[in-house]
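Novice: pasting the structure only:
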Ligand code: S3P
């Protein structure tokens, strides 16, 4: 299998992208770039504040620009925000610039993992009920299915998820 240009993690909020990304970065020696952190850096304020003061459309515009920048590079682990892959331009860029892994999880697992982190996620801040998560998951299912690979994470530790991913891209360097 050819060496992927980047390893890109997509999937629903709290599916473990950042955690798994950190493990992958350690194993490969590739830097982890977290798209949400880049957005916060560029806007100079946390995500809930961007949504509140500028609206979701403004957030998505910055996200699109960051995804374009990140996908233009190589040798990176890219952790995207849960909604990034929903945008068709982002999706095409990500699929063209590396191997895209969707971290799948059931609504119950998501709800458990979100825990106290709901406030930092505007789409779940007011309501992170099982119904809300199930509705959003159903809305995005068709899009997430377009990733090159999906790893169902419900019964796996982040280390096991990372190992599964590395097993699907054997050409990449492994430092550990
Ligand atoms: C979002 C997911 C968040 C963040 C923003 C919107 C989404 O990232 O980008 O709150 O639309 O699913 P995480 O998936 O890292 O929580």
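Specialist: Done, it's in. What you see is a predicted model, and the numbers here were worked out from it, not measured in a lab.
Novice: helices of this protein, start to end?
Specialist: 17-28, 35-43, 47-54, 56-72, 88-96, 107-114, 122-125, 130-144, 158-167 (DSSP state H).
Novice: indicate which one of these is closest to residue 3.
Specialist: Among the helices of the chain, the nearest to residue 3 by C-beta to C-beta is helix 17-28 (10.8 Å). Heads up, the C-betas are built off the backbone N, CA and C, glycines and all.
Novice: is the helix or strand of the chain with the lowest mean pLDDT positioned near the ligand?
Specialist: Least confident helix or strand of the chain, by mean pLDDT, DSSP states H and E, is helix 122-125 with a mean of 89. Yes. Using C-beta under 6 Å from any ligand atom, helix 122-125 reaches the ligand at 122, 123.
Novice: tell me how far that helix is from the chain's mean position?
Specialist: The chain centre lies 16 Å from the centre of helix 122-125; the measure is C-alpha atoms, centre = their mean, to the nearest Å.
Novice: pull out the buried positions in that helix.
Specialist: Buried positions in helix 122-125, judged by neighbour count with 16 or more other C-beta atoms under 10 Å: 122, 123, 124.
Novice: and the residues you listed, which is closest to residue 22?
Specialist: residue 124 (22.2 Å).
Novice: residues near the closest residue in space to that closest one that isn't next to it in sequence, how many?
Specialist: Sequence neighbours aside, residue 118 is the residue nearest to residue 124 in space, at 4.7 Å (criterion: C-beta to C-beta, 6 or more residues apart in numbering). Per other C-beta atoms under 10 Å, the neighbour tally for residue 118 reads 17.
Novice: need the contact list for residue 118.
Specialist: 124, 125, 128 (C-beta atoms under 8 Å, 6 or more residues apart in numbering).
Novice: list the residues that contact residue 111.
Specialist: So residue 111 contacts 128, 129, 130, 133 (C-beta under 8 Å, 6+ apart).
Novice: now, the most widely separated pair of those residues?
Specialist: Using C-beta to C-beta, those reach their maximum pairwise distance at 128 and 130, which is 8.6 Å.
Novice: buried members of the contacts of residue 111 into ChimeraX, please.
Specialist: Entered in ChimeraX, the line below selects the buried ones among the contacts of residue 111, by 16+ other C-beta under 10 Å:
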select :128,133
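Novice: could you dump the contacts of residue 111 into JSON lines and include distance to the ligand and pLDDT?
Specialist: Shown next, in JSON lines, are these (distance: C-beta to the nearest ligand atom, whole Å; pLDDT from 0 to 100):
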{"residue": "128", "distance to the ligand": "11", "pLDDT": "85"}
{"residue": "129", "distance to the ligand": "16", "pLDDT": "91"}
{"residue": "130", "distance to the ligand": "17", "pLDDT": "94"}
{"residue": "133", "distance to the ligand": "11", "pLDDT": "95"}
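Novice: if anything else comes up later, I'll come back, but that's it for now.
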